[in-house]
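K.L.:
Below is the structure, and that's it, no one-letter string:
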């Protein structure tokens, strides 16, 4: 997220998790930050992380920052632009005897499932659960843990399998086997501002750089504070 104080072009970037690597030109936030710093060396950027997207939303509402990265779709109070799409994948233990052919639900169900909680404010586990229900699948959860890193560690040690958004799981240890789900599921990450906000010049500048790098369509209603 970005914010500017008084007439000085200071800005702050905050995100739940800047998971924008490995998805080609659609997920280039890190490169945008680097280019922004090169173009505007006098504008400082500080990166902050949140555990949940709801915290990013609240920070935007409170006016503590101007630009954030959210899971789409977002509430109508936000103006958003799609930044990237991220596939949910099955992560299988190193010893999994699964051929390179497409993974089946039956094969996935043969492993103890390791997942993050379904309860709020967690989002991904609910998306996965709803996806499974939609296609008549029920995969009992054997282990429920809060941290993505713990899930990865348990899969790596052969305790079971998991379903995670690929970018959330990275870096994925090479011994973990990665398979697409039998029916694909993806999440959409977007850049967001408050719909009724007057954006600072620093925020507009950052959005312009991010748009140029990621290739989303032009901002339809860029709003900036008067030049002083």
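P.N.:
Good, I have the coordinates. Keep in mind it's a predicted model, so treat the numbers as computed, not measured. Residues are numbered from 1 along each chain as shown.

K.L.:
can you count the residues close to residue 36?
P.N.:
23 (other C-beta atoms under 10 Å). C-betas here are computed from N, CA, C, even on glycine.

K.L.:
got the contact list for it?
P.N.:
43, 45, 205, 206, 209, 210 (C-beta atoms under 8 Å, 6 or more residues apart in numbering).

K.L.:
could you flag which of those residues are buried?
P.N.:
Neighbour counting by 16 or more other C-beta atoms under 10 Å classes 43, 45, 205, 206, 209, 210 among the contacts of residue 36 as buried.

K.L.:
So which residues of the protein form strands?
P.N.:
13-15, 47-49, 68-72, 78-92, 113-115, 141-144, 162-165, 177-180, 186-194 (DSSP state E).

K.L.:
what's the angle from the fourth one to strand 68-72?
P.N.:
The reference is to strand 78-92. Counting by axes from the mean of the first three to the mean of the last three C-alpha atoms, to 10 degrees, strand 78-92 lies at 70 degrees to strand 68-72.

K.L.:
helices and strands around strand 78-92, which ones?
P.N.:
Applying 3 or more C-beta pairs under 8 Å, 6 or more residues apart in numbering; DSSP states H and E, one finds that strand 78-92 contacts strand 68-72, helix 124-134, helix 148-156, strand 162-165, helix 166-169, strand 177-180, strand 186-194, helix 201-214.

K.L.:
now the fifth one: how far from the chain's centre is it?
P.N.:
Just to be clear, that refers to helix 166-169. Mean-position distance between helix 166-169 and its chain equals 8 Å (C-alpha atoms, centre = their mean, to the nearest Å).
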